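Asker: Coordinates for the following, if possible.
(chains A and B)
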Amino acid sequence: MPIDLLDRFLRPLRGKPLTRRYPDEPAMLPPTVRGLPEVDPARCDSSGDCVSACPTGAIALEPGSWTVDAGRCIFCDACRAACPQDAIRLGDRFELSGRSREALRVMTSVGGGR
Amino acid sequence: MTSPLQPQATGDPAGALTREIDRRLGRSLHVRHLDAGSCNGCDWELAALMNPYHDIQRLGIDFVASPRHADLLLVTGVMTRNLEEAAWRTYEAMPEPRLVVAVGACAISGGVFAGTYAARDGIADVLPVDVYVPGCPPRPEALIHGLLVAVGRIAPWDGSSGGPSIT
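Answerer: Presented below is the predicted three-dimensional model:
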């Protein structure tokens, strides 16, 4: 209908600007956002299934620590799917920029096995 | 004579560029994007920076068409062997002080292409990277964050505070 088209055409003139204020305001993230993989230390039993599932070798599991290299991670969700304890989630942390390669490695202390 | 594939460290280019931009341009920043063999995922996110939702020109940041006009080189992709010399020449064409930002898992580490014969494992073998922006691809807000980290307008996440937040 012509009236509908006119309304649609004029809508942007009536509304507020679409531009988001990031970084002055928090980012508007979609509910499906995939951020940095995070492990729940209480649930992790150091099975290592996430390490073998990771296609880029981003995860390193050592006694007492679980480290994900954000510079290798492709945020594919395979570690979460592989975890038998359901201990891994892809969170909403996306502000991962760092000045060195080492700064991208995020370590979490885990129990160190059963 | 400097080998093109082994750039010499030049002190603190990030700090020097920040101070120089502050002095001359009021913290404006001109960015040259270089595709060094990417899948175009990162490049589409870069294109999104110019749309009305993100509009990085409000932050004084703009893309330019030549490295000779740029303060910062934004590199996406795995750095294929065919592009090594082109990437180095692009860097050489930039006026100093200059910054290099590696965007995406491929540019940082090779990502899913790490270890192949046709590409480097990331661009750091060829160019002196100042800031790494992880993601596959990084979302536009992550790119804004990385650019502001590069010019010192925002502090990088230290990797420890906050910790995992599983809900």
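
Asker: The helix or strand containing A:Arg8 near chain B anywhere?
Answerer: Using DSSP states H and E, A:Arg8 maps to helix A:2-14. No: shown here: helix A:2-14 not in contact with chain B (CB under 8 Å from any CB of the partner chain), separated by at least 9.4 Å. Heads up, the C-betas are built off the backbone N, CA and C, glycines and all.

Asker: Output that helix as CSV, restricted to C-alpha atoms.
Answerer: The C-alpha coordinates for helix A:2-14 follow below in CSV (Å, rounded to 0.1, in the frame of the first residue of the first chain):
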residue,chain,number,x,y,z
PRO,A,2,1.3,3.5,-0.8
ILE,A,3,0.6,4.8,2.7
ASP,A,4,2.7,1.9,4.2
LEU,A,5,5.6,2.7,1.8
LEU,A,6,5.4,6.4,2.8
ASP,A,7,5.4,5.5,6.4
ARG,A,8,8.4,3.2,6.0
PHE,A,9,10.2,5.9,4.1
LEU,A,10,9.6,8.5,6.8
ARG,A,11,10.3,6.3,9.8
PRO,A,12,14.1,7.0,9.9
LEU,A,13,13.3,10.7,10.1
ARG,A,14,11.2,10.3,13.2
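
Asker: what residue ranges in chain A score low on pLDDT?
Answerer: Low-confidence segments of chain A (pLDDT under 70): A:1, A:112-114.

Asker: repeat that for 90
Answerer: A:1-33, A:35, A:40-48, A:62-65, A:89, A:91-114 (pLDDT under 90).

Asker: Against B:Leu147, how distant is B:Ile56?
Answerer: 7 Å (CB to CB, to the nearest Å).

Asker: The two - which one has more neighbours?
Answerer: Legend: neighbour count by other CB atoms under 10 Å in any protein chain shown for B:Ile56 and B:Leu147, higher for B:Leu147 (25 against 22).

Asker: list the contacts for residue 68?
Answerer: Using chain A. A:Leu36, A:Pro37, A:Ala58, A:Ile59, A:Ala60, A:Arg105, A:Val106 (CB atoms under 8 Å, 6 or more residues apart in numbering or on different chains).

Asker: right idea, wrong chain: chain B
Answerer: Contact partners of B:Arg68, counting by CB under 8 Å, 6+ apart, are B:Ala93, B:Met94, B:Pro95.

Asker: what are the ranges of the helices in the chain?
Answerer: I'll assume chain A. For chain A, helices defined by DSSP state H occupy the ranges A:2-14, A:49-53, A:78-82.

Asker: meant chain B actually
Answerer: Secondary structure of chain B (DSSP H): helices at B:13-25, B:41-48, B:84-93, B:104-109, B:140-150.

Asker: ranking these by mean pLDDT, which is last?
Answerer: Mean pLDDT values for these show the minimum at helix B:13-25, a mean of 70.

Asker: what's the distance between the residue nearest to B:Ala105 when sequence neighbours are not counted and B:Asn40?
Answerer: Nearest non-adjacent residue to B:Ala105, counting by CB to CB, 6 or more residues apart in numbering or on different chains: B:Gly111, 3.5 Å away. Relative to B:Asn40, B:Gly111 is positioned 14 Å away (CB to CB).

Asker: of these two, who's got more company?
Answerer: Higher neighbour count among B:Gly111 and B:Asn40: B:Gly111, with 26 against 13, using other CB under 10 Å.
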